[in-house]
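**Q** prediction below, plus the sequence it came from.
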Amino acid sequence: MVSLYTSFFFVFAIMAVFNPYLQVMIRNLGYSHDMVGLLLAVFETAGIVGPLLIARHVDNRGSSKNTILFCTGMSALGVTLLMVSTSIWMTMFALTILAFFLRSLIPIIDSYANNRLHGDAQKYAVLRSGGTIGFVLFSLLLAVTHRPDLTSNSNIGFHVLGTFLLFMFPVLAWKKEPKRPKIPHDDSTQAEGKWYDLAFIVGLVIIGLNRMSMSSIASFFSLYLVEELGINAISLMNAIASGSEFGALILAGYLLQRKKVLPVQLLMISSGAMVVRLLIYAMVPTFGGVLVAQFLHSLCYGFFHPAAIFLVARRVRRSHRTLGMSMYVSLGIGLPTVLGSSLGGLIVEQFGYRALFMDYSLFALASVVVGLASYKLMTSKTLETI
């Protein structure tokens, strides 16, 4: 399992080097806030389509390892094109290639890991914690060395390409995915022939509303730090947030596996914490306020992600698990981020960051409401027993 743990470590190292600086790279090309939002929407749209198409290929062929390597190479091509972009069309093409393949990496790894672990939430949380460590260490490394140069897209791009290379080495050591013994399912469900249940669809709605609120942070937090607060320590702030999620990930995995808590309960806690976090950004725009809000990431993501993964593993049949994970990433995260990025750029341009964070806290509140309203459905019998 060392190669799988290391794969999680480096795939999130990629995110640590790439995610906080994508909006900066686009801004460096001279685009306005509303155009940044539009281009991020293009990126997220491609990030919806890519994982869904690639997931079916993996489910049908079982070629996780080769697919991961191919997606990593294509992602590197997208970064290279973005580094040398000279026009809006070239920028859009680069973002499309990049998102299509980069966004496919994590659902493939999540599916592969869950299949290897037979859906064990506690063991998965330990593996996923390797990703948190990778994200935090690389974020701190960038913060301590004052890298990358935020004014140079080439400098940012070369740092990202380096992490792509590091990620490919442990993937090469992956073993063939073992076949899981068949588990008898409920006869009525088999007769319907469905690979998902209604709770999975409602779960995506709960997740989507949560991530709609999170899109204000994912798309505009770095610019908020630099332009509103005059803080350039983007990597440090991201390291603080990710570091805080470590304990929450392990705790969530333990509680889920021991059946002490249900996925919908953790998702509602996550959304409640998101409301508080966004209101802090809006009402306390200071270094101290941001610092406190970053620690709430422990609940906003540390509880959220294991709950979402466990929901997919229980509500989607194993034969379609990669597709289920990709739907979580694409429809549960990607689509809300597309909408959030597009609308968020207009809000920031017209009304500023305070209005952005206050408005988007309402989506997190709506996520809690949907969770409460559908609580009986979300606690019903599952498709998979793991």
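**A** Received it, and whenever you're ready, just let me know what you need. Residues are numbered from 1 along each chain as shown.
**Q** so where's the protein uncertain?
**A** For the chain, residues meeting the criterion pLDDT under 70 lie at 176-193, 386.
**Q** so where do the strands sit in it?
**A** Counting by DSSP state E, the chain has no strands to list.
**Q** and residue 97, how many neighbours?
**A** By other Cβ atoms under 10 Å, the residues close to residue 97 number 21. For every residue, glycine as well, the C-beta is placed using N, CA and C.
**Q** separation between it and residue 46?
**A** From residue 97 across to residue 46, the span is 8 Å (Cβ to Cβ, to the nearest Å).
**Q** and what of residue 384?
**A** 30 Å.
**Q** counting neighbours, go ahead and name the busier of those two.
**A** More neighbours surround residue 46 than the other of residue 384 and residue 46, with 24 against 16 (other Cβ under 10 Å).
**Q** can you pull the contacts of the closest residue in space to residue 304 that isn't next to it in sequence?
**A** With Cβ to Cβ, 6 or more residues apart in numbering as the criterion, residue 304 has its nearest non-adjacent residue at 3.9 Å, and that residue is residue 270. Applying Cβ atoms under 8 Å, 6 or more residues apart in numbering to residue 270 gives the contacts 210, 299, 300, 301, 303, 304, 307.
**Q** quick one: which of those residues is nearest residue 10?
**A** residue 301 (19.0 Å; Cβ to Cβ).
**Q** quick check, that closest one in contact with residue 245.
**A** Yes. In this structure residue 301 lies within contact range of residue 245 using Cβ atoms under 8 Å: 5.2 Å.
**Q** who's more crowded, these two?
**A** Relative neighbour count places residue 245 above the other of residue 301 and residue 245, with 26 against 23, counting by other Cβ under 10 Å.
**Q** wait, what's in contact with the residue nearest to that one when sequence neighbours are not counted?
**A** Closest residue in space to residue 245, ignoring its immediate chain neighbours: residue 302 at 3.5 Å, by Cβ to Cβ, 6+ apart. Applying Cβ under 8 Å, 6+ apart, one finds that residue 302 lies in contact with 244, 245, 246, 247, 248, 249, 251, 252.
**Q** how far away is residue 348 from residue 85?
**A** Per Cβ to Cβ, residue 348 is found 23 Å from residue 85.
**Q** who has more neighbours, these two?
**A** Using other Cβ under 10 Å as the criterion, residue 348 and residue 85 rank with residue 348 on top: 24 against 19.
**Q** and that one, how far is that from residue 383?
**A** Residue 348 is 42 Å from residue 383, where distance means Cβ to Cβ.
**Q** then residue 95?
**A** Taken as Cβ to Cβ, the span from residue 95 to residue 383 is 36 Å.
**Q** ok, these two, which is more surrounded?
**A** In this view residue 95 and residue 383 are compared by other Cβ under 10 Å, and residue 95 has more residues nearby, 26 against 20.
**Q** contact partners for the more buried one?
**A** Going by Cβ under 8 Å, 6+ apart, residue 95 touches 39, 42, 43, 46, 78, 82.
**Q** try 6 Å
**A** 42, 43 (Cβ atoms under 6 Å, 6 or more residues apart in numbering).
**Q** check residue 204 too.
**A** Residues in contact with residue 204 (Cβ under 6 Å, 6+ apart) are 331, 332.
**Q** i'd like the first residue to be 23 from this point on
**A** All right, first residue 23 from here; so that's residue 226.
**Q** compute the first-to-last residue distance for stretch 334-353.
**A** Start and end residues of stretch 334-353 are separated by 13 Å (Cα to Cα, to the nearest Å).
**Q** got the contact list for it?
**A** For stretch 334-353, the surrounding residues in contact (Cβ under 6 Å, 6+ apart) are 70, 73-74, 77-78, 80-81, 129, 132-133, 136, 141, 217-219, 221-222, 226, 330, 404-406, 408.
**Q** quick one: residue 134 and residue 87 touch, right?
**A** No. Residue 134 is beyond contact range of residue 87, at 8.3 Å (criterion: Cβ atoms under 6 Å).
**Q** neighbour count: the two, which is higher?
**A** residue 134 (25 against 18).
**Q** for that one, give me its contacts.
**A** residue 86.
**Q** circling back: now, of the contacts of stretch 334-353, which are buried?
**A** 70, 73-74, 77, 80-81, 129, 132-133, 136, 141, 217-219, 221-222, 226, 330, 404-406, 408 (16 or more other Cβ atoms under 10 Å).
**Q** so what's the residue count around residue 196?
**A** Look at residue 196: counted by other Cβ under 10 Å, it has 18 neighbours.
**Q** correct me, but it touches residue 87?
**A** Yes. Assessed by Cβ under 6 Å, residue 196 is found in contact with residue 87 at 4.6 Å.
**Q** quick check: the gap between residue 393 and residue 239.
**A** For residue 393, the distance to residue 239 - Cβ to Cβ - is 20 Å.
**Q** neighbours around residue 223, how many?
**A** Neighbourhood size, residue 223 [other Cβ under 10 Å]: 13.
**Q** name the residues that touch stretch 141-152?
**A** By Cβ under 6 Å, 6+ apart, the surrounding residues in contact with stretch 141-152 are 27, 30-31, 135, 139, 268, 271-272, 275-276, 278-279, 328, 332, 335, 408.
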